[in-house]
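1. Provided below are the primary sequence and the corresponding predicted coordinates.
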Amino acid sequence: MSAPRVPPKFVPTLTEVVHRPADSSPMPDGGARLPEERLVQLVLQRLEVDLDTRIREHIAQLVLEQAHVLGPRLRAEMEGSVRQAIAATLAAQPGGS
């Protein structure tokens, strides 16, 4: 049998109180957030510029795709409106059909 393993001296045991170092900054919200939420907020702050750029690019791509889908439909509607306007104008002229 091997001897029981002894932890190093720097590892706190359950009976020790671990204090936060004096130079660490407190959480701005008084510690109300969960540590995971705080970590998420810090990462998002650092990625904000990149995220904004990616969101703009994604929106631009979606708008372009919609324009390609709607373009022919709008052209057809415009052509129909122009035909109706010309037909109404010609019919209103004296001697029109």
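-> Yep, that arrived. Remember, it's a predicted structure, so these values are computed and weren't measured experimentally. Numbers count the residues shown, from 1 in each chain.

2. in this protein, which ranges drop under the pLDDT threshold?
-> Within the chain, the ranges that satisfy pLDDT under 70 run 1-2, 7-33, 96-97.

3. Helices of that one, start to end?
-> 35-92 (DSSP state H).

4. any idea how far Val82 is from Gln93?
-> Distance of Gln93 to Val82, given as C-beta to C-beta, to the nearest Å: 17 Å. C-betas here are computed from N, CA, C, even on glycine.

5. Same check on Thr89?
-> 11 Å.

6. just Glu48 next, same as before
-> 47 Å.

7. How about Asp52?
-> 41 Å.

8. Could you do Glu36 as well?
-> Counting by C-beta to C-beta, the separation of Glu36 from Val82 is 60 Å.

9. do the same with Leu34
-> Taken as C-beta to C-beta, the span from Leu34 to Val82 is 62 Å.

10. Kindly list the main-chain dihedrals of Pro4?
-> Dihedral angles of Pro4 (phi, psi; degrees, to the nearest 10) stand at phi -60, psi 140.

11. Measure how buried it is and give me the count.
-> As a burial measure, Pro4 scores 5 neighbours (other C-beta atoms under 10 Å).
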